[in-house]
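Chemist: prediction below, plus the sequence it came from.
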Number of protein chains: 2
Amino acid sequence: MLTYELKKAPGIPLYEALYRCIRGDILSGKLPAGTKLPSKRALAVHLEVSKITVEAAYNQLSAEGYILPVEKVGYFVEAVETLPAPSPAVPAAEVKPEADLLDLTTNAPAHFPFSVWSRLQRQVLLDYGHQLLQPMPSCGCLDLRRAIAKHLAGFRGMQVDPENIIIGAGTDFLYNLLPQLLGQDKIFALEEPGYEKIHRIYSAAGVRVHRATMDGQGVIPEALAEAKVLHFSPSHHFPTGIVTPMLRRQALLKWASSGENWIVEDDYDCEFRFDTHPMPALYGQSDRVVYINSFSKSLAPSIRLGYMVLPPSLMEKFRRELFFYSGTVSGFEQHTLARFLSQGHFEKHINRMRKFYRSRRNQLLQIIRACPLQDRLTIEEADAGLHFIVKVDTPLSDEQLQAYCLGLGLKIRTLSSYYHGAAPMESQHRIVVNYSGLQDEDVHKLEAILKG
Amino acid sequence: MLTYELKKAPGIPLYEALYRCIRGDILSGKLPAGTKLPSKRALAVHLEVSKITVEAAYNQLSAEGYILPVEKVGYFVEAVETLPAPSPAVPAAEVKPEADLLDLTTNAPAHFPFSVWSRLQRQVLLDYGHQLLQPMPSCGCLDLRRAIAKHLAGFRGMQVDPENIIIGAGTDFLYNLLPQLLGQDKIFALEEPGYEKIHRIYSAAGVRVHRATMDGQGVIPEALAEAKVLHFSPSHHFPTGIVTPMLRRQALLKWASSGENWIVEDDYDCEFRFDTHPMPALYGQSDRVVYINSFSKSLAPSIRLGYMVLPPSLMEKFRRELFFYSGTVSGFEQHTLARFLSQGHFEKHINRMRKFYRSRRNQLLQIIRACPLQDRLTIEEADAGLHFIVKVDTPLSDEQLQAYCLGLGLKIRTLSSYYHGAAPMESQHRIVVNYSGLQDEDVHKLEAILKG
């Protein structure tokens, strides 16, 4: 019977730990294709966990295609690509435990001004006291909306009325609000490739989602077909890094205004451009544009605070039809962030982080350009915010490439995995490197791995 | 032209201030029925505010029936009930500015343990440091889910697996999630009377909402008709205070299990029962019950933190279909609350508040029972959490009663205003008194008002 020592790590549910163990054994070939897994009940008893835990782990494995449920019979290991056989010099291949993997798939900020934040938190409690016990306005506290308007004016050159800003508990909450505001019967278009998560959120909120074809200039207006809302990132597309140029922007603005369509401008990491300035925002150039951004990327993902700026007509609709919502962000944190912005700490932090990320990026590019595989690696989109793309000259498929990297201790995602539909040939063999969460020791580890 | 000194108060948008001024003038009769209001542009110029501000104020007034828009002509004051003529002894009636009104319509906590909270906030930043920069699990941090499970065990006798708890940015966010989990095609039933807000949120999320008729024992199962989801508060209905007795609970549980229906048990202020213990929760008695509660009422409304406990089958569905959502509550605050709960501060706070509210309630009941109007006032539902109901023996309609109270400086809501449909005769002439936000000086003010 499968035996694992399941340690509860903070933030990792038990079922997830079990899922990772079994997935590791499947990927390493220890559990070969066709193996029947123990029954949920038997494994639960054996591992001394609840049946629910085993069930959740099996469900996730089966959702991701690692195992196949056969009704009334059991679960069988699927024929997934296992890791390539080890080269003779290396001892038996073993998938590193998740915690030991170098994760190039997510971004987490490297620094946070803890002491400033702590001081501001304390000040807010002292200064506001009982005022903090009152219900918050549903758009967020005025101090914060003013501070955001000022930040947008200084940093993005945007003229924004604080009365048109809505604060929300992260962009996910705001994405959920948008269909209620723009119409649940409308078709929403998203970039292809792009964040699968946004697709999932809009679908869960009950709207139909189309994927909009892109060329080298971004979304093609003619490809929007029946869509009435376009959600995209003109200043910087993820993951290709495409910046939509002026003429294409104008064509898309025209699409919006002439068809009474809406544009949702997702400006998600505009703070981190190194070699160029971000292009002016679309918001304000047309009254059909909603601007959306978040502090989760620029400050810390555990600060769940996003915002959107609505054109006046939509803000009026929000006040008329959705005024009943309570605010979703803690008043304590809103006031803390308001002071953080208005006292200049945010700007200082961003400047510091930009310098840090730029040097981190250059360090990585050097390592890649100097490694023995350099002839087979090409850097693309190196000004693309907190990630860049490495094109790999390899006969492996993208799945094999991913499994191969896993064997080396690298958790990666390929560009093709960001396509909702079939990924075109020219997107293959490209690794999307998210580097903002790497610590110094991680960089050394990466260097050692690449030196082989 | 209308001239007001619009002061920006914290949390009150300018349009709201303008709306209040005009509404006040309409209610006081200063702007009689039929008066044509100045054009939006003219008033904006006159008051030196933006046209948007005037527009928003006019829209709210018109949505609430104070003014009537006539296309291409303008806005006219409607024939609303103005305040009753002042008694001869009193100088000219004047609506008090909103800030001077004694507000009996909302609950805000009277105390908050600021120094404990501040200390825990600081400790969390020191102790967790970089861990706080990692993305949060979408269900919320495990520490907090464990602390909530322990709290529910101790306080509500509930056996809850922390893995089945989802933390969300206030109950509004969770209400939005429920149709995505239970099915957007299902009809949701809500108590009649009840919180209009819940009705609005479900409607905005795209589900059809029915109102369920109640008798003295709560929701009538036979009245649920086509509904597949019942959202209600069996332990304590707002605003009538009805506690659903055991037999009715069993009938509703049977309705849920035999028809594959769902119950959402909204346990919103179970902490504040004075004379009785809350009845055992429905959650756990059937696998068709979702339990939902929040800390916004028991701690502070500006702490946007609610949670729901799902039955295992729904949790599995959440993991399978909605796992992509990011958490919506700040990690800093989740860890702070986790410590607040697990170190016993919450229990201490609740005990202190219960004592405080009980004595506040008794004080108010005494004032009412001793006032010159005592023969025309009857107290109902005085164990009903943070509000009680005063039945008024009066020939006035409920609208007139409300306007009359406004003239006295009291902002009230009547029981009939909580009906979505037509309120039955027997609900008339009942004032719902929310008292938790009253300060000592407010109580003296109320006493003076009632003494006439």
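Modeler: Right, received. Where do you want to start? Numbering: from 1, shown residues only, chains lettered A, B, ... in the order given.

Chemist: and chain A, what are its domains?
Modeler: Here the domain parsing of chain A from automatic domain parsing is A:14-77, A:92-106+A:359-451, A:115-343.

Chemist: tell me the contacts of the residue of the stretch 51-200 of chain A found nearest chain B?
Modeler: Nearest to chain B, among the residues of the stretch 51-200 of chain A, is A:Ala169, at 3.5 Å (Cβ to the nearest Cβ). Yep, even glycine has a C-beta here, placed from its N, CA and C like the rest. Going by Cβ atoms under 8 Å, 6 or more residues apart in numbering or on different chains, A:Ala169 touches A:304-306, A:328-329, B:169-170, B:173, B:304, B:328-329.

Chemist: over to A:Val229?
Modeler: Residues near A:Val229 by Cβ under 8 Å, 6+ apart: A:178, A:182-183, A:186-189, A:261-264.

Chemist: hey, where'd the helices end up in the stretch 301-450 of chain A?
Modeler: Secondary structure of the stretch 301-450 of chain A by DSSP state H, counting those that start in this stretch: the helices cover A:312-321, A:331-342, A:345-370, A:398-408, A:440-451.

Chemist: which other helices and strands does the shortest one contact?
Modeler: In this structure, helix A:312-321 makes packing contacts with helix A:170-182, helix B:51-63, judged by 3 or more Cβ pairs under 8 Å, 6 or more residues apart in numbering or on different chains; DSSP states H and E.

Chemist: shouldn't A:His210 be within a strand?
Modeler: Yes: the assignment for A:His210 (DSSP: H, G, I helix; E, B strand; the rest coil) places it in a strand.

Chemist: about what we covered before: out of the helices of the stretch 301-450 of chain A, deepest packed?
Modeler: Most buried of these by mean neighbour count (mean count of other Cβ atoms under 10 Å in any protein chain shown) is helix A:331-342; its value is a mean of 23.

Chemist: mind listing residues that contact that helix?
Modeler: Contact with helix A:331-342 is made by A:116-117, A:120-121, A:123-125, A:128, A:132, A:136, A:140-141, A:143-144, A:146-148, A:150-151, A:167, A:295, A:303, A:305, A:327, A:346, B:300, B:302-304, B:330, B:332-333, as judged by Cβ under 8 Å, 6+ apart.

Chemist: any idea how far that helix is from the middle of the chain?
Modeler: Centroid displacement of helix A:331-342 relative to its chain, using Cα atoms, centre = their mean, to the nearest Å, is 24 Å.

Chemist: then stretch A:269-285?
Modeler: Put simply, stretch A:269-285 sits 18 Å off its chain's centre (Cα atoms, centre = their mean).

Chemist: one step back: in TSV: the domains of chain A, plus mean pLDDT.
Modeler: Output for the domains of chain A, formatted as TSV (pLDDT from 0 to 100):
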stretch	mean pLDDT
domain A:14-77	83
domain A:92-106+A:359-451	88
domain A:115-343	93
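
Chemist: hey, which of those domains is tucked in deepest?
Modeler: Highest mean neighbour count of the domains of chain A: domain A:115-343, a mean of 20 (counted as mean count of other Cβ under 10 Å).

Chemist: gap between that domain and the chain center?
Modeler: Taking the mean of its C-alpha atoms, domain A:115-343 sits 15 Å from the chain's own mean (Cα atoms, centre = their mean).

Chemist: how long is it end to end?
Modeler: Taking Cα to Cα, to the nearest Å, domain A:115-343 runs 14 Å from one end to the other.

Chemist: quick check: A:Tyr419 vs A:Val207, distance?
Modeler: 20 Å (Cβ to Cβ, to the nearest Å).

Chemist: re the thing from before, return the subset of the contacts of A:Ala169 lying in strands.
Modeler: Counting by DSSP state E, the part of the contacts of A:Ala169 found in strands is A:Gly306.

Chemist: tabulate the helices of the stretch 301-450 of chain A (JSON lines), appending distance to B:Ala108.
Modeler: Shown next, in JSON lines, are these (distance: least, Cβ to Cβ, whole Å):
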{"stretch": "helix A:312-321", "distance to B:Ala108": "23"}
{"stretch": "helix A:331-342", "distance to B:Ala108": "12"}
{"stretch": "helix A:345-370", "distance to B:Ala108": "30"}
{"stretch": "helix A:398-408", "distance to B:Ala108": "53"}
{"stretch": "helix A:440-451", "distance to B:Ala108": "47"}
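
Chemist: closest one to B:His237 among those?
Modeler: Across the helices of the stretch 301-450 of chain A, B:His237 has its closest neighbour in helix A:312-321 (27.3 Å, Cβ to Cβ).

Chemist: before we move on, the earlier item: between the helices of the stretch 301-450 of chain A, which one is closest to A:Phe112.
Modeler: helix A:345-370 (8.1 Å).

Chemist: could you check the angle helix A:440-451 makes with that closest one?
Modeler: Interaxial angle, helix A:345-370 versus helix A:440-451 (axes from the mean of the first three to the mean of the last three Cα atoms, to 10 degrees): 20 degrees.
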